[in-house]
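1. any chance you could fold what I've pasted below:
(chains A and B)
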Amino acid sequence: MSRLVKKSPSVCTDLPLNNTDICAKLRLLKQLVGSCFGPTGRLKHVHNNIGGHVVTTSTSAVLLAAVSSSQPLVSLIKTSILNHVSRFSDCGLFAAFLCLDLIEQTKRTALRESVAIRVNKHLLALCTTYLQQEDCGCKVKLDFCSSRHLLQLARSIISSKPACVLTEAETLHISKLAVQAFLLSIPCANPGIVSLGRTMRVSLEGYSVLHSAVFPGLLINITDDLCVSEPENLHSTPLRVVLFSASLAGDLSELGDGTIELHPGADTDSQILDELLKLGKQAVDHEVKLFMCQKVIHPVLQHFLRSQGVIVLERLGIALMEPLIQLTGAQPVATLHCAIPAKAYGIVSDVSIRQFGSKKLLHLLPSGETAICTMVLCHRNETMLSELKLVCQKTEDVLRLSLKEPFALLGGGCTETHLAAYIRHKTLREATDAASVLGCSQAEYLLGIEGFCRSLESVATTLEHSGGFSLIDLTHAHHWRHAADVMPERTETILDLCGCGLLKSSPDKKWMYLNTEHAEISPTALSRDTVMQPRVLDSFTAKLNALHVAVETANLVLDVKYIIQDVN
Amino acid sequence: MPASTVLNQRQHIGLQKLSALAGFSHSALGPNKTYKFIQDDASGESALVSSCVRLFENLELTCAVGQLVYETIQAHHSVYRTGSGSLLFLAGAWSRAALECLQRGISVSHIISAMSEGIGICLDVCNKCSIPVENLSVAHSESFTAMPFDVRLQQLKKPVVEPSQTSSNMHREHKVSQKATSTVGQVKIKLSRHFCETRVENLSTDSQPPEPQGPNIAHIAGGLSHGSADAMKLAVEASYLQSERNQQANSSVTFDISKVVTCLLPGLSEEHACVLPGCILLLSAEQASVARHLKNQHIRVALITGDLSYNYRHLGFSRAAGLHRVSDQPALLSSSKEDEWLGKVVTLLLSLEVNLILVSGLMCDTLIQCCCGHNILVVEKVKASILKTFASATGAVPVTYASQLSRQCVATGVKVELWRDLGYQYRKHMTAVNISTCRNSGLVTVILTSYVQGKLQALEDQFWACASRLHHALKDRALLPGAGETEMLCIHRLQKQAKYCTNWDGDTVQRATTDTGTTHYKGEVLHLMADGLIDYICTVMVNTGRTSKVRARTVVSQQLQDCNGPIAQFSQLFLEDEREEGVSSSPIKTQAIKIYDNLSVKQEAWRKALDVVFLVLQTDAELITGMDHETDHVEENVMLL
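-> Numbering: from 1, shown residues only, chains lettered A, B, ... in the order given. Below you'll find the predicted structure:
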């Protein structure tokens, strides 16, 4: 007998942005991402309600992934930001905050949504064009002839995550390592199409950050010190390598859900083991010195191989397979039912053991140039180490992006304030024409611009978490900050450098507090021969994309008129 | 539908929580530890704990800060096995310091940079005042403390003696100590009653060693026992047993605690605790009779990792689910295959003349029976580290399957001795058997006994704490002056630096940058950090039982004031528990034993404590996942996203 359950009707919310509950949730999310922003951002403990492992972070990828909301608009924004982060790694918090602030600004100015969307689109196009221009005032061309810009880029990213708890010296050390690893992953021997190598990361808990290091080749964690018999004998010639992707555990793992009918007398286990031993003998005959498997190797086979002086490594995991293939030139063997083809063998030039405290790592060196390197990351505790690992991954991604577009944007909020000033200046003259093109009144147009610019400026303001004040200078429109408790008679005495470090305070400069009414600025770019160098740089590609994602997501959210939810 | 929840915290609740959690540690500090009962009202179960780690293990902490603290303590304990109490206490004390800073309006980033500098100073003081273990003759330590304070500070400014240089410095050091001896007069060594053994005597001051000597373990241990003299006595004996037949150079003495096993026996008085070479294992009556057979025999040993049974397969082997056995004959009994396997294994064992099998997992009962019949002794559940030690000492190769056994895998060089008939233990008749290698492999068993079964865990913890202190002392090859002396030096340096920052700030009014504020804050933060350490010292002094909190504070501040004079010095503030020797009438007694602390353990505990404070200090919200707001009780300060 079947039971009939009455379905409840779907719930429809019209004009979701007029709903106070939804607005409160969006504001909460904005606070959440905003408070994480920048090098002095606040951290969040992420854990489940039954007291599981605690993750302490301020990284958007971890934070937003943990957010699960019953509110579709929150999920929409979250998904769109996470998608940006998965592609560009950087500027997730920037995109999320800008998007949420744009929505809030539009609500506050009571502008019609359709007008706001059109104005936002127009201004986004304006920003994009400006940022792509050669003479853009907040852009720096990366100089690959020296490592200075790369180091600054790396340092800006690494120091933006306070959960790593790094001192100044440690930040510098990690930045150097990140750049070194990046340079090692660029092959220089072969001309033509260049494919980048890769950086593997091994993390070791309980050691000082300054013990972190970068090595060419691969370092593999060895749990069992029996797996290397006498590596010192092996230094002579290149070593032959075989790599299995199939499980050599001796089970019928390939069976899946299928069934096999067997004679009761048949002993499958010993038959498979015989196959395995046959493989092992072949490997020994072909003078294989390094026998590796992604999965488990049967202990009998391991025992046999070790007794023949072969180094055996098992349970390498899927993540190591691709770099191992690149490093050794071996082709992974996917079956144990036929002889190992000759071309499947690979080569390493040297094997040695590296000791980090009590941990042992097996170091494999390539015989040719393969642009594979390993970064050993050390930190005192697990929480900080996992954040450090994320940050290093992010730095690598950003440095690689810089190869595509060799530019960087000024960091420390200077790009945002500069862009806002540029838009205000640029749109003032052609307000009448633009308004008619966009099909709105001039007042609406100006309101839209004000909202957009304020959102950009509030991104810069959000960098301050201790109640300090944000200022903008009236010549270059860079971002400046001072602490809450200094009450100055003269502004230039309490300011030192601007957010990106390109400008120094001087008596002839004039400042205004951000988000106060100020006269229109025509931001001038700095002359190229300046002695000052920017100290904080942001990824150009990631930030430009984040700007697009933020504005387009905000426009999409503003465009939503109904939410229909199936509550069954 | 589960929704994420954000806890909004207006004040810094995290730091307050941390400070509250650290309250647990107050009674766990110092030489006199008190037990705590934890009772579960729902189930009526209770646990007896005497250390922070055990306390946290038995509490169900659901808050994020609690979890973070627990993870930190566990990480520390798994490596060092001691020092968790001071880690927790300082995390609490410094979180209060951070709270105070926030109240005074110092920004988070300023607090962090100043505290980082503070910990740098403390770690630096530790490095500089550490004493190489080779120099720890009694006379030397006396001369060190007898020196005027400024001279000692001078000494502190010297770079730490590199281990390679120590031997060359030995002669010079020795002269210094001799001189000191003559001025101070005959130095009396008075060690705890447990160390008045012959070994101690020939290392005392009157013997004039012609060449550099190894560290004086008895002296080090006396200073590191921290109130658990009985446990330390066992640890020292274990280290002697380990190094006795190891013909190593004396200067490179180590204590390998991975080769130490503990064996807990309830029902005997605590005086029965002892240390034996080899590995003591409890066997049932019938196994014991096999062992009796093996007593004076030539023994061949096989080592098996994992279980030894017909059905056992190695880790990572997955049994195929869809395997059907089809037959036209009536099915053979599955046991017949097992019998076949059993026969094979026994034949193999007999042909290899194996008489002892050590298994890290379990062994099937029928095979044990068979082995018993053939006088083969089977020991199950042997720890992996012990198996490894046997492997390296005898040359036997551990294997996973019995079929792998061959002549090369089986080795000789093992002794089996009956140690003691224990009568009924754990509801079975048990006999303790000592399995050891003929060559000294360093394997040592510590037998811990108590009439009260609930106390055994605490005794075991105490033993491991002592053993690990000794281990790290020999590994670091350096020790810190204990009983608050190192902390006093740190406080002194922190306060001096704080004063310097404040003064410097006042002098340079002209400086027109934002830095001025920073230096001023730094002074305040360093002062508060030093207060945290003062709090620590006072709490330990109160716990030693002879002073009140007020008096302790007076003593500490008196000493700090005195040390600003030219001839002041810090003396050790809290002494070993001396109840056994009769409490002296005067509150400040001439000290019998110089107390030491471990260098690496202390540095690591301090660093970790500050790391937790930093993480909590910078956190302003919790994100709770998987909360179902319809069924769960939603707290007031929880906001749903």
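2. count the residues that sit near residue A:15.
-> 12 (other C-beta atoms under 10 Å in any protein chain shown). Just so you know, the C-beta spots here come from the backbone N, C-alpha and C atoms, and that holds for glycine as well.
3. how far away is residue B:257 from residue B:467?
-> For residue B:257, the distance to residue B:467 equals 5 Å [C-beta to C-beta, to the nearest Å].
4. the more surrounded of these two?
-> A direct count of neighbours by other C-beta under 10 Å for residue B:257 and residue B:467 places residue B:467 higher, at 25 against 20.
5. what about the more buried one? Give its phi and psi, please.
-> phi -60, psi -40 (degrees, to the nearest 10).
6. one more: residue B:489?
-> Main-chain dihedrals, residue B:489, degrees, to the nearest 10: phi -60, psi -40.
7. kindly report the same for residue A:220.
-> The phi/psi pair for residue A:220 (degrees, to the nearest 10) is phi -120, psi 130.
8. list the contacts of it.
-> A:313, A:316, A:320, A:361-362, A:364 (C-beta atoms under 8 Å, 6 or more residues apart in numbering or on different chains).
9. tell me which residues form a beta bridge with it?
-> As for beta bridges, residue A:220 partners with residue A:362 under DSSP bridges.
10. the closest residue to residue A:279 other than its chain neighbours: neighbouring residues, count only.
-> Spatially, and ignoring its direct neighbours in sequence, residue A:279 is nearest to residue A:336 (5.7 Å; C-beta to C-beta, 6 or more residues apart in numbering or on different chains). Other residues near residue A:336 come to 19 when the count uses other C-beta under 10 Å.
11. what about residue 22, which helix or strand?
-> Picking chain A for this. helix A:20-34 (DSSP states H and E).
12. oops, chain B please
-> Secondary-structure element containing residue B:22, defined by DSSP H and E: helix B:13-22.
13. where do the domain boundaries of the chain fall?
-> Because you didn't say which chain, this covers chain A. In terms of domains, chain A is parsed into A:11-137+A:410-565, A:158-214+A:370-405, A:218-349 (source: automatic domain parsing).
14. chain B is the one I meant
-> When chain B is cut into domains by automatic domain parsing, you get B:2-132+B:481-576+B:590-628, B:279-313+B:337-441.
15. weakest of these in terms of mean pLDDT?
-> Among the domains of chain B, domain B:2-132+B:481-576+B:590-628 carries the lowest mean pLDDT, a mean of 78.
16. from the chain's centroid, how far away is that one?
-> Relative to the centre of its chain, domain B:2-132+B:481-576+B:590-628 is centred 19 Å away, using C-alpha atoms, centre = their mean, to the nearest Å.
17. same question for stretch A:342-362.
-> Stretch A:342-362 has its C-alpha centroid displaced from the chain centroid by 29 Å (C-alpha atoms, centre = their mean).
18. what residues does the biggest strand by length in chain B touch?
-> Longest strand of chain B, by residue count under DSSP state E: strand B:414-425. With C-beta under 8 Å, 6+ apart as the test, strand B:414-425 has contacts from B:265-267, B:276, B:278, B:280, B:282, B:288, B:291-292, B:294-295, B:299, B:301, B:356, B:377, B:390, B:394, B:429-438.
19. can you give me the helices for the stretch 501-641 of chain B?
-> B:515-544, B:549-562, B:599-618 (DSSP state H, counting those that start in this stretch).
20. can you add distance to residue B:121 and give these back as CSV?
-> Output for the helices of the stretch 501-641 of chain B, formatted as CSV (distance: least, C-beta to C-beta, whole Å):
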stretch, distance to residue B:121
helix B:515-544, 8
helix B:549-562, 16
helix B:599-618, 11
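21. buried deepest among those helices, which one?
-> helix B:599-618 (a mean of 24; mean count of other C-beta atoms under 10 Å in any protein chain shown).
22. is it positioned near chain A?
-> Yes: using C-beta under 8 Å from any C-beta of the partner chain, helix B:599-618 reaches chain A at B:607-608, B:611, B:614-615, B:618.
23. how about the nearest residue to the residue nearest in space to the middle of chain B, chain neighbours excluded?
-> Residue closest to the average C-alpha location in chain B (C-alpha atoms, centre = their mean): residue B:81, at 2.1 Å. Spatial nearest neighbour of residue B:81, excluding adjacent residues (C-beta to C-beta, 6+ apart): residue B:468 at 4.1 Å.
24. same question, residue A:19
-> Closest to residue A:19 by C-beta to C-beta, 6+ apart is residue A:13, at 6.1 Å.
25. what's the first helix or strand after whatever helix or strand residue B:238 lives in?
-> For residue B:238, the host element (DSSP H and E) is helix B:229-244. Per DSSP H and E, the first helix or strand lying C-terminal to helix B:229-244 is strand B:260-266.
26. contact partners for residue B:92?
-> By C-beta under 8 Å, 6+ apart, the contact set of residue B:92 is B:18-23, B:25.
27. phi, psi for it please.
-> The phi/psi pair for residue B:92 (degrees, to the nearest 10) reads phi -70, psi -50.
28. so is residue B:432 in a helix, a strand, or just coil?
-> strand (DSSP: H, G, I helix; E, B strand; the rest coil).
29. what count of nearby residues applies to residue B:466?
-> Close neighbours of residue B:466, defined as other C-beta under 10 Å, add up to 27.
30. which helix in chain A has the most residues?
-> Secondary structure of chain A read by DSSP state H shows that its longest helix is helix A:382-404.
31. how far does that one sit from the chain's center?
-> That offset, for helix A:382-404, works out to 6 Å (C-alpha atoms, centre = their mean).
32. again with stretch A:208-225
-> With C-alpha atoms, centre = their mean, you get 22 Å for stretch A:208-225.
33. so the residue nearest to residue B:81 makes contact with residue B:82?
-> Yes: contact criterion C-beta atoms under 8 Å: residue B:468 and residue B:82 qualify, at 5.5 Å.
34. whichever of the contacts of strand B:414-425 end up buried, select them in PyMOL.
-> Here is the PyMOL command that selects the buried residues among those (16 or more other C-beta atoms under 10 Å in any protein chain shown):
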select buried, chain B and resi 265+276+278+280+282+288+291+294+299+301+356+377+390+394+430+431+432+433+434+435+436+437
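35. just the mean pLDDT for the longest helix of chain A, thanks.
-> 93.
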